[in-house]
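Chemist: Got a predicted model here, sequence first, then my questions.
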Amino acid sequence: MKSIKLTKEISTDILVVGLAKSATGLVIEAGDAQIDTKKLLALLADLGPTGNFDEITKISFGSPRTIYLTGLGDAQKKYPHEVLRRAAGAAARALAGQEKATFALPNASSVDIAAIAQGASFGAYAFNEFRESSKKDNKDPLNEALVLTKFAAEADAKAVVKRSEVLAKNIYLVRDLINTPPSHLTPDSFSQRMKKIATTLGLKVEILNESVLKAKGYGGITAVGQGSANPPRLLRVSYTPAKAKKRLAFVGKGITFDSGGLALKPAKGMEAMKSDMSGAAAVIAAVFAIAELKLPVAVDAWAPLAENMVSDNATRPSDVITIYGGKTIEVLNPDAEGRLVLADGLMRAAEVGDAAGGLDGIIDVATLTGAQVVALGTRTSAVMTNNEVFSGEFLTAANLAGEQFWPMPLPVELRASLDSPIADMANIGDRMGGMLVAGLFLKEFVNPNTPWLHLDIAGPSYNEGAAHGYTPVGGTGVALRSLVTLVELYASHKYRTK
């Protein structure tokens, strides 16, 4: 979608309204739109809509010419923001191929307007880079959304629409990176692509190549990437505003393709492993959004990037490597590689943060374990922490952003399973509770006095099922909104972690 605008009147041939269900029948929720709801209900009588979530009913009406009814579920006096967001997103997906549409959904505040604008923009996405333009089913996404509201002239409403456009642009970037095949996205091309964007935003960029990584002791990134013809990188993008109120570091797992290495994955599902760099994409794009919004919080985003492949140079099961900072790891499973690159990234992020006066928090984002999907499914991400206050702040931000995260423990009794007889640690431990064991591994590379969050987004980062709400098939862009919202809350002085 190219633009979102506010309007006080229906100015397009296509109108989107809500459809809810109640004990007495269907309810039209048209917000501030003046339409004949009795006529509309009569036209719907023979079509059998239910008003359920993700249901879209298209009907010819007259003026406006066409109405799209998007399901809101049970009728309510005030609809939750995520309901509005998903309903607008489902409608936007259904409007692929259309030029513009007016969205008339219930709104009583700028927060409601934000949810509608976000849903419409997040839903109007398509990844067509590798399709022939002549294909008949290759429809471009909805080009323009107009949000109908009586608050159209108010500054707050205009501000949330501008913010929604910034979020959408950077979520599109994350989705594009995830969806790009590994033949076209390598550690180096990822770094160069992000450098180009960062430079236009005036952000500082540092890229360490394979020679520097090896020379300076980044054993995790080097070991994971050494089996590939596409060498590893460590990308850093820095946003340092004047008079920053806080300093944070984000570290994102950036495995541009994960074959499993010498612990080769089965063929089924391996094609989805192009998404194993979702964490890196999320943290870099989050900093872009934070910079565009000019938030007074300093953030360093780190993307340890590698391609985990099979070759005569690949890391072998039982090899011992040395992480940046000196801790040795026995690599029992080369397919537990994400934690190795993150360990290097966490150590370097802390070192740079300490040199700058200390970090108020460090957050890693990773498609880390299949165990996350087993525990929480494909729509809820996990949060692990060494600081419950920090975790609570993030979970509040995630709730405001409309993303589903759930707190998970780091049981001390599982730590012993990571012991190695020949090195400081092994890279795998107990299979049961594997998500938690991975979190405990990463905890070893964080100063206990620094508030830290580990976000495992393995399931929600890549949608292999049907599209729903504003979520397309493929890359989703999860975590970006929560990271940006957290920084906004810090910028407003609402949170303190120390």
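Modeler: Done, it's in. Numbers count the residues shown, from 1 in each chain.
Chemist: Verify the stated contact: Leu410 with Phe441.
Modeler: No. Using C-beta atoms under 8 Å, Leu410 is not in contact with Phe441; the gap is 10.1 Å. All C-beta spots, glycine's among them, are computed from the backbone N, C-alpha and C.
Chemist: For Gly269, report the pLDDT, please.
Modeler: With respect to pLDDT, Gly269 has a value of 83.
Chemist: ok, it - how many residues close by?
Modeler: Counted with other C-beta atoms under 10 Å, residues neighbouring Gly269 total 10.
Chemist: more neighbours, Leu410 and Phe441?
Modeler: Phe441 (24 against 17).
Chemist: by contact count, what packs against the one helix or strand the more buried one maps to?
Modeler: When elements are assigned from DSSP states H and E, Phe441 belongs to helix 434-443. Secondary-structure packing of helix 434-443 (3 or more C-beta pairs under 8 Å, 6 or more residues apart in numbering; DSSP states H and E): helix 338-355, helix 370-376, strand 381-385, strand 452-456.
Chemist: Can you give me the distance of the residue lying closest to Thr369 once chain neighbours are set aside to Glu330?
Modeler: Among residues not flanking Thr369 along the chain, Met435 sits closest, at 4.6 Å (C-beta to C-beta, 6 or more residues apart in numbering). For Met435, the distance to Glu330 equals 21 Å [C-beta to C-beta, to the nearest Å].
Chemist: For Tyr125, give its distance to Lys38.
Modeler: Applying C-beta to C-beta to Tyr125 and Lys38 gives a distance of 36 Å.
Chemist: the more surrounded of these two?
Modeler: Tyr125 (27 against 9).
Chemist: what residues are up against the more buried one?
Modeler: 1, 141, 171-172, 175, 472 (C-beta atoms under 8 Å, 6 or more residues apart in numbering).
Chemist: Those in helices, which ones?
Modeler: Using DSSP state H, the members of these that fall within helices are 171-172, 175.
Chemist: Need the buried ones from those selected in ChimeraX.
Modeler: Applied in ChimeraX, the following selects the buried portion of those according to 16 or more other C-beta atoms under 10 Å:
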select :171,172,175
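Chemist: now the ones in helices among the contacts of Tyr125 as JSON lines including distance to Ile207 and pLDDT?
Modeler: Output for these, formatted as JSON lines (distance: C-beta to C-beta, whole Å; pLDDT from 0 to 100):
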{"residue": "Ile171", "distance to Ile207": "24", "pLDDT": "98"}
{"residue": "Tyr172", "distance to Ile207": "23", "pLDDT": "98"}
{"residue": "Arg175", "distance to Ile207": "23", "pLDDT": "98"}
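Chemist: the bottom helix or strand of the chain by mean pLDDT?
Modeler: The least trusted helix or strand in the chain, going by mean pLDDT, DSSP states H and E, turns out to be helix 37-44, with a mean of 94.
Chemist: Return the set of buried residues in it.
Modeler: 40, 43-44.
Chemist: Likewise for stretch 463-472?
Modeler: 463, 467-472.
Chemist: residues in contact with it?
Modeler: Taking C-beta under 8 Å, 6+ apart as the rule, stretch 463-472 contacts 53-54, 85-90, 92-93, 118-119, 122-123, 125-127, 175, 272, 378, 473-476.
Chemist: The same query, at a cut-off of 6 Å, please.
Modeler: For stretch 463-472, contacts defined as C-beta atoms under 6 Å, 6 or more residues apart in numbering pick out 54, 86, 89-90, 93, 119, 122-123, 125, 473, 476.
Chemist: Quick one, which of the residues you listed are buried?
Modeler: 54, 86, 89-90, 93, 119, 122-123, 125, 476.
Chemist: Packing partners of the longest strand along the chain?
Modeler: Counting residues, the longest strand found in the chain (DSSP state E) is strand 298-308. If you count contacts as 3 or more C-beta pairs under 6 Å, 6 or more residues apart in numbering; DSSP states H and E, strand 298-308 packs onto helix 187-200, helix 219-225, strand 233-239, strand 247-252, strand 254-258, helix 278-292, helix 338-355.
Chemist: What mean pLDDT does the shortest one get?
Modeler: In this model, strand 254-258 has an average pLDDT of 98.
Chemist: now the helices and strands packed on strand 298-308 in JSON lines, with mean neighbour count?
Modeler: Below are these laid out as JSON lines (neighbours: other C-beta atoms under 10 Å):
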{"stretch": "helix 187-200", "mean neighbour count": "18"}
{"stretch": "helix 219-225", "mean neighbour count": "29"}
{"stretch": "strand 233-239", "mean neighbour count": "25"}
{"stretch": "strand 247-252", "mean neighbour count": "28"}
{"stretch": "strand 254-258", "mean neighbour count": "28"}
{"stretch": "helix 278-292", "mean neighbour count": "29"}
{"stretch": "helix 338-355", "mean neighbour count": "24"}
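Chemist: Mind checking the ones you listed for the one nearest to Ala306?
Modeler: helix 219-225 (3.4 Å; C-beta to C-beta).
Chemist: ok, for Ala117, nearest residue in space, not its chain neighbours?
Modeler: Ala117 sits nearest to Ser164 (C-beta to C-beta, 6+ apart), 4.0 Å away.
Chemist: got the buried residues for the helix or strand that neighbour falls within?
Modeler: According to DSSP H and E, Ser164 maps onto helix 155-179. Neighbour counts using 16+ other C-beta under 10 Å place 157-158, 160-161, 163-168, 170-179 of helix 155-179 among the buried residues.
Chemist: mind checking how far the helix holding Phe441 is from the chain centre?
Modeler: Relative to the centre of its chain, helix 434-443 is centred 21 Å away, using C-alpha atoms, centre = their mean, to the nearest Å.
Chemist: quick one, it and strand 452-456 angle?
Modeler: Here helix 434-443 runs at an angle of 140 degrees relative to strand 452-456 (axes from the mean of the first three to the mean of the last three C-alpha atoms, to 10 degrees).
Chemist: Can you list the buried residues in helix 434-443?
Modeler: 434-443.
Chemist: re the thing from before, list of residues touching the least confident helix or strand of the chain?
Modeler: By C-beta under 6 Å, 6+ apart, helix 37-44 touches 28, 59.
Chemist: right, and the helix or strand after it?
Modeler: strand 56-60.
Chemist: by contact count, what packs against that following strand?
Modeler: strand 66-74.
Chemist: hmm, who's touching the strand it packs on?
Modeler: 14-20, 29, 51-53, 55-61, 83, 87, 90-91.
Chemist: now with 8 Å?
Modeler: 13-22, 28-29, 35, 40, 44, 49-61, 79, 83-84, 87-88, 90-91, 94-95, 101, 105.
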